[in-house]
Each structure stands twice: as structure tokens, then as C-alpha cells.
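Trainee: Below: sequence and its predicted model.
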Amino acid sequence: MIRVELTVAALLVSAYFVFLTALFWGLWVRASRRRRRAATVESQMPRIREALVEYLSGSNNQAAIREYVRHYRRDVGDAILDFHGTVGGSARDRLCDLALEFSLVHDWCQDAQSKEQAVRRKAFARLSFVCAYEPCRRVAGDLLLVALEDSDPEVRLAAARALVASGTIEELGQVFRLALSQGLLTRVLLAEDLRRHATELCRTAVPEALARDNPAQQVAALQMVVGWERALPLANLHTLLSSKHHEVRLEALRLAPLVPLSAENRSAILQQLREGDAEESTAAALVAGRLRLHEALPYLARCLRLGTAEMARIAAAALAEMHPKGWQTLLEISGGSGTSALIAAAALERGRRRAGV
Amino acid sequence: MMPHAGLAVSAVVQALAVLLLVMGMVTFATLARGCFVLRRMALAGRHDHAPAILKSPLVPAVSTIAVPPDASAESLRATRRLLDLAFGRNEVVIVLDGPSEAALDTWSRELRLCPSTRGIAGPLETAAIRGVYESRDPIRVVVIDKARGGPVDAWNAGVNAATSPVIALLDRTSEFQPEVLLRLIQPMLESVDETIAVCGGVSAPPAAGFAARFGALESLRTWLTLGAAFAGRNLTLPFPGCALLARRSAVVEAGGFTGGALELVVRLHALALAAEKPYRIAFLPTPVSHSRTPATYHDLRRQVQREQREIAHAFRNRVAIAGPFGWQALRGLYWERSLRPKLETAAYVLAVAGLAMGWVAGATVVLLLLSTVAMGMVVSMAAVVLREVADPSSADERRMAALFLAAIPENLGYRQLRNLWLMAGFRKPPDSREPSRARTAEQPPRAASAVS
């Protein structure tokens, strides 16, 4: 019996060893090849970059670049992409023109239709850089719009970025709507790209999204607009400030300091400060402080006296922004006892220090 | 009488050898599963959006909680590392558990503290808070001075004090990158509602010397199992050296800390499964954090026993922390870290005694060595090559060869010694510097009934 067990165990363990040793050998060979290739690329990359920089600085000699494209086509593409974020205007156009001239853009358009996710991603990342240049955008054609429906979120993101760089206002609206339907990460990334188109978007796409009776979309749209961190000509915020959905009201409160302060908005903020739950009142106190709403003084004092520690601190900070009446209120409260008095005293001291008093 | 005893000993050794061989094969299969998961993740790819995340006001704030055991230079340095993390809105919450006046004074000088008006009245029960301090410098740090209640109590005080929706737990003994939070938050941003926690990091890198290589192999096997293989079934557990992000609301709902990070994550899994809602505890295999490579055998033993104690405590309290899910989550760890070392050591003792008495045949001893030593080499070598198969981009053939070959000496002496360490670690009561787990045993957390 032991002989059988021993034979089976020996065979099994030997099979494992043979398999692992063969795998190890294969990996060793592959890793060595990769290392050698990486070393070659590492030695060529500075030269490729140097040739591109020379071309960007005005030289019309393309012989060296042509030679690199012939031998290291993929690496030239990588080198061009390395300029993303470092060149703009005519230098960028010149670089895109070069990619077009050597048919790199056509290659990328072809790769963009690949079934392999990694290839598609890389192609769209490159296209999103060069599509800011109109002739490249024409070559890409409808590829970018089609890619907004891709199954891979990274491809959708790259296509959206390419459209932001080159698209019309309708296409920007489409990207904005895409952002609303995706996760927070996509919104974080696209908010940055869409920021410079914020004013145009606030004319149509944003009001449309906010007017829809879909709280999730409204919250997403408000998050995008808050993410732009810009003063915006957005009307009717008060309807969202009085929405029946808590999340919508909260996001609308965050946006309130960035839009014109109409009488309706002012009254809606005061209502939140007066009647909202702890989270809403805290957010409203923050807004009241930023906008220096003197009508909010009694409510802020109440938040300071009766609210949670966090709310009291924010209310006190808001009062400290409203010299002289706010300071007077803080002085009165700091004369009492308990946590509110301590918070009021600390806020008053900070306010005075900041004002140099 | 003697022949019967001899036969019995021989039969037991044979049975143990076969059992250990099967356990080795199961471990190999688990590593292979981890490899497939990692390969799938590598193919799906994950762009690093750290620069955009750093700037965006839409990204939720994070509170990084630290419970320094003292005011030593090492603790101060570890805290400074937390303050240097790159993140838009990171608040560092430092909880001092019953510090002496001198210790409080040291912290006060180091961080230029002044009393804060901030009130700490959180949902978790803790020992009394004696004072709250903030820095005069423009850094977001809150220091809580509380009455001594043990590290678990201090972690819970940290959760109470945290004002951000996400809390970060970074092990002070691990090496983490300054951009760790920017990378870890990404899976949470991808699906805000579903992701309740993220465990990120890689295994410890190898260094020169056998202790360092054995430590790296140990770390690699654990990482491939607890991180990668378990992630395939959405059962990710924290591995040594990992960085952890968790939604504060989920931690509060779980009744706070009852032990270390392992217990917390097991409990989060259990509660999420009991709620029958879709959830995810994500595994992020990127080099944002890793445990320190041990330089000596002493360091290695300390590391092994520290992990073992945490596993042992979680296992003992599995019902209190996670109900029926506790066994499901921890059985693999129990077999590998508690049962196997005991069976293996018993088999060695019986084999040596049997050989001396002439009861055990040489073939049986060879079978036992094949099941333990040779299978151990197979498992360690598999961990090395499967890791490289999963993510060839990081391949370095010299490092791979050094680790692959270290699997041979690892199983000739060290493995047997490690079995003794594991057995001692599983029995040893928790170190007073580690989270005190007394509360779990005596008083299960509030929501324990939800999962039982």
C-alpha cells in the first residue's frame, strides 16, 4: 500500500516540479526579452524626444523623425503622447500634423476598432490628445461618438475627453449627459475637462439635467457644477434648494455660493438653516457665512447654542464673518457657560485676529 | 502489544502524510486562483487618475486614524508620514490612549497643539475623552487625549472623532507611498454605493539574505491568497502591509473595532452579506503599500507571530464578530495557519520516534517528506512564478530566480521552525501593544446579532 501511495505522491510532486520549472524557464526568457527591449527603448526615447523638440521649435527637417517612425513606430506614438499637457496652441497643432503626416493617426483609428480592450484604450488615449487639431478630428470622424457607447469605461472616458477638446456644443452636451450617467470617478475626471465650457453648458445642458424629475441625475449634475468651482449664471436654484429629496437639497446648498444670490435663493437658504436637519443646517450655515447673510444672524446664533459641535463651530465661524453684529452675538454667547461659549470665544478670537483687531 | 502500536503509528504517519499532501494541493489551487484573478485585473487595467483626483472638490474627504503607542521618535516619525500624505482633504486623527504628561507634552511640542473646541460625541462607546487638540500650524490634525482603554478603544475613539465619510488605516510598521490615499480612493469613486472598503498593496519585496527572502515568500503567499484569490469571490481580507480605506458609516454600523483590521473586514463582509445588498470590498494590487522585509530571523519571527495572533483572535471570536460567515471566511486561514503546522509537527515527531523504534518504514518517511518538504517547495515556487505570470510588466528575472531558488532552503529547516512559531503564535495571548480584544469575547458588538 505504501508503495502505491509513495509512487502517486512522487509522480504528483514531480509533475508539479516539471511544470513549475518549465514555467519559470519561459518566464525567465520572456523577462530577459522584455528587459532588453526596454533597454533599447530607453536608449532611443531621448533621441526621439530630442528630434520632436527640434521639430516643435521650428526645424522643418523631418528626416530623423521619419527614420524613427520607420524603426520605432510605437515608441514615436508614445513620445508624442508624452507632450500631452506640456504643449498647446500652434506647437500642439504642429505635433498633431506630424502624427497625421506619418499616418500615425490612421493607425490609431484602426486600433480604436480593435476587439482588444488594451489596444482600444491606448488608441483612444492618443486620439483624445490629437483630436484637438481639426484635421485629425476629421480623420477620427464618428469614431469618438460611437466610442461613447463602448463597454469599457476607460475608452468612454478617453473618447469623451477627445470630444471635449474638439467637439461642438451639442457634443459637449452629450459628454455632460454621459458624465451624469456614469460613476463619480468619471464625473471627477470630466468635470475638470468641461470646466472651461461651463458657461456654454449652463445655457442648455445643465438646466435641462436639473429640470428632469430624476433626483440621481440632479445630484450628479449639481456635483459636476460644484466641481467646476466657478461663478455661474444658473437661475432657479431655489427650486432645488426646496426639493423634496435630501441629497438634492444638500448639493444645491453647496452650489449656492457660486450662483447669483436672488431673493428666492436667499429665502430658501434661510429656510434650510431654520428648518433643515442637522446636515442641511450645517451646510446652510456654511453658505450663510460665505455669502454674509445678515438675515441669518438669529438662526446662526440658535445653531451655535443648540446645534451639534460641528454645526456650532460652523455657525460660529459664519458669525465671525459678519462684523459688527455677528461679533456682538458671539460676544454675548461667549459670556455664558458650556461648549457654545467656548466655541463662540474661539471663533471671535479668530475673527479678530484675521481682521487685525 | 508492540506490533499493534507500531502498526498504528505507521498508519497515522501515512494518513497524516496523505492529508498534508492534499492540503498542499489545495494551497496550490488557491494560489493558481489568485493568479487568474490578478491576470484578469491586469488585463482590465486601471489608469492612475491621481492628479485629477488630487485637485477635485468632488472627492470625499478622508480621515486617517493613528494610535501611536508612545511618544518615541519612531512614533513621531510615523505620524509625520501620515501628515505628508498627498490628498486634497486628508484629516489626521491621532488618538493618545492614556498618555503620560510627558508624552502629551512631547506631542504638543511636536505638532504645536492648542486646545480645540471640537466636541467628540460619536456613536461608539469609548473611555472618557480628556481633551481635544488641534495644531496651530496650517495642518489638518486632531489629537485626542483619552483615558486608557486599550488600543481597540482608541481606534473607536478615532472613528468617533473622524468627520470624513471615509477612514484610512495605515499600518505604521508598513511602507506606504505618499499617494496611497489617491490610489486607494479610486475604486471607491468607481462605485460609491457598493464599495464599502478597499485593501491595497503588494507583497514585501525581497532583499539580500535568507531571512529577507523567506519573509518575502511568506508575504507573497499571503498576498496571493488573502488578497488576490479571495478577491475572486469578493471575500478580500486585509493582508500584512496592506493599506485599508473603509466607509465610516459601514464601520459604525459594524459596531466599530473589536480587534485588528482583519476582524473589522470579516465583520464588514458578514454584515453586508446579512443585509443581502450588493457590496464590494475591493482589492487593489498596486505598489502603494507593503510590509517591511524582515532583515533578521528575529524580525521574521515577530512578523509571523504578530499576524498569527491576529488570525487566532479573529478565529476564536468568529461567531461573535461574524456569525456563521466567520467560519466561511476564516476556515482556509485556520487550516493553513493552525491545523497544518500542528499536523505536520505531530507527523515529524511520530515519524522520528517510529523510525527509532523500527515501527515506521523508510518509504513512509519519504512519503511524509514529499508531502511536506517537497510540497512546500512546490507551493513557494508556484507563488513566485504565478505572480510573474499574472503581471509580467513587473518581471525582473534576477529577483524572480532568487525567490524561486529560496523556496528550497526555506523548506529545509525554516519551514519546521516556522511551524513551531505558528503554533506558539496561535496560543499566545494578544500583545498589550496590539488592539485589546477583551471586549469581543465578553461583550459582542451591538450588531453581532444581525449576522447570527
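Mentor: It's in. Fair warning: this is a prediction, and the values are worked out from it, not measured in the lab. Numbers count the residues shown, from 1 in each chain, chains lettered A, B, ... in the order given.

Trainee: just how off-centre is stretch B:228-238 within its chain?
Mentor: Centre-to-centre, stretch B:228-238 and its host chain are 13 Å apart (C-alpha atoms, centre = their mean, to the nearest Å).

Trainee: Endpoints of it, how far apart?
Mentor: Its start and end residues considered, stretch B:228-238 measures 11 Å (C-alpha to C-alpha, to the nearest Å).

Trainee: What's the biggest helix in the chain, counting residues?
Mentor: In the absence of a named chain, chain A is used. helix A:2-56 (DSSP state H).

Trainee: That was the other one, I meant chain B.
Mentor: helix B:2-44.

Trainee: Which helix or strand lies directly C-terminal to that helix?
Mentor: Downstream of helix B:2-44, the first helix or strand assigned by DSSP states H and E is helix B:50-55.

Trainee: Could you tell me the single residue of chain B that sits nearest to chain A?
Mentor: Per C-beta to the nearest C-beta, the residue of chain B with the smallest distance to chain A is residue B:119, at 3.0 Å. For glycine as for every other residue, the C-beta is placed from the backbone atoms N, C-alpha and C.

Trainee: Is it correct that that residue falls within a helix?
Mentor: No. Counting by DSSP: H, G, I helix; E, B strand; the rest coil, residue B:119 is not found in a helix; it is coil.

Trainee: how about it, phi and psi?
Mentor: phi -90, psi 140 (degrees, to the nearest 10).

Trainee: Model confidence for residue A:357, exactly?
Mentor: Note on residue A:357: pLDDT of 74.

Trainee: I figured residue B:142 hits residue B:92, correct?
Mentor: Yes. Using C-beta atoms under 8 Å, residue B:142 makes contact with residue B:92 at a distance of 7.4 Å.

Trainee: since we're on residue A:232, how many residues are nearby?
Mentor: 18 (other C-beta atoms under 10 Å in any protein chain shown).

Trainee: what do you get for the one 10 residues further on?
Mentor: The number of residues packed near residue A:242 is 15, by other C-beta under 10 Å.

Trainee: and it, what does it touch?
Mentor: Contacts for residue A:242 (C-beta atoms under 8 Å, 6 or more residues apart in numbering or on different chains) come out as A:249, A:268, A:271.

Trainee: From the recorded domain assignment, give the ranges for chain A.
Mentor: Domain assignment of chain A by automatic domain parsing yields the ranges A:40-167, A:181-233.

Trainee: Ok, which of those comes nearest chain B?
Mentor: With C-beta to the nearest C-beta as the criterion, chain B lies closest to domain A:181-233 of those, at 3.8 Å.

Trainee: is the closest one anywhere near chain B?
Mentor: Yes. Looking at domain A:181-233 against chain B by C-beta under 8 Å from any C-beta of the partner chain, the contacts come from A:183-185, A:187-189, A:191-192, A:223, A:226-227, A:229.

Trainee: and these as CSV, adding pLDDT and neighbour count?
Mentor: As requested, the residues of domain A:181-233 next to chain B are exported to CSV (pLDDT from 0 to 100; neighbours: other C-beta atoms under 10 Å in any protein chain shown):
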residue, pLDDT, neighbour count
A:183, 88, 18
A:184, 91, 21
A:185, 92, 25
A:187, 92, 24
A:188, 92, 24
A:189, 92, 23
A:191, 92, 24
A:192, 88, 20
A:223, 92, 22
A:226, 91, 21
A:227, 89, 23
A:229, 87, 15
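
Trainee: ok so, going back, for the longest helix of chain A, name the packing helices and strands.
Mentor: helix A:63-71, helix A:73-81, helix A:89-101, helix B:2-44, helix B:362-369, helix B:375-390, helix B:397-409 (3 or more C-beta pairs under 8 Å, 6 or more residues apart in numbering or on different chains; DSSP states H and E).

Trainee: what's the distance between the nearest residue to residue A:296 once chain neighbours are set aside and chain B?
Mentor: Closest residue in space to residue A:296, ignoring its immediate chain neighbours: residue A:288 at 3.9 Å, by C-beta to C-beta, 6 or more residues apart in numbering or on different chains. Distance of residue A:288 to chain B, computed by C-beta to the nearest C-beta, to the nearest Å: 19 Å.

Trainee: Could you name the helices and strands sitting against the helix or strand harbouring residue A:288?
Mentor: Secondary structure from DSSP H and E places residue A:288 in helix A:278-291. Other helices and strands packing on helix A:278-291, by 3+ C-beta pairs under 8 Å, 6+ apart, are helix A:246-255, helix A:263-275, helix A:297-306, helix A:309-320.

Trainee: ok, the residue of chain B closest to chain A touching residue A:309?
Mentor: Yes. In this structure residue B:119 lies within contact range of residue A:309 using C-beta under 8 Å: 3.0 Å.

Trainee: joint contacts of these two?
Mentor: With contacts defined as C-beta under 8 Å, 6+ apart, the residues adjacent to both residue B:119 and residue A:309 are residue A:339.

Trainee: ok, back up a step: of the contacts of residue A:242, which is the nearest to chain B?
Mentor: The closest of these, once distances to chain B are taken by C-beta to the nearest C-beta, is residue A:249, at 17.6 Å.

Trainee: and the gap between the closest one and residue A:307?
Mentor: 18 Å (C-beta to C-beta, to the nearest Å).

Trainee: Neighbour count for the two, which is higher?
Mentor: The neighbour comparison of residue A:249 against residue A:307 (other C-beta under 10 Å) goes to residue A:249, with 24 against 21.

Trainee: you'd agree that one is up against residue A:279?
Mentor: No. With contact defined as C-beta under 8 Å, residue A:249 does not reach residue A:279; the gap is 9.4 Å.

Trainee: what about residue B:347, which SS state?
Mentor: Following three-state DSSP, residue B:347 is assigned to helix.

Trainee: what do you get for residue B:287?
Mentor: coil.

Trainee: Over to it: give its phi and psi.
Mentor: Residue B:287 adopts backbone torsions of phi -80, psi 60, taken as degrees, to the nearest 10.

Trainee: picking up where we left off before, neighbours of the residue nearest to residue A:296, how many?
Mentor: 31.

Trainee: now residue A:42
Mentor: 9.

Trainee: got a list of what the nearest residue to residue B:173 once chain neighbours are set aside touches?
Mentor: Once flanking residues are discounted, residue B:173 sits nearest to residue B:292: 6.3 Å by C-beta to C-beta, 6+ apart. Neighbouring residues of residue B:292 by C-beta under 8 Å, 6+ apart: B:173-175, B:204, B:241, B:299.
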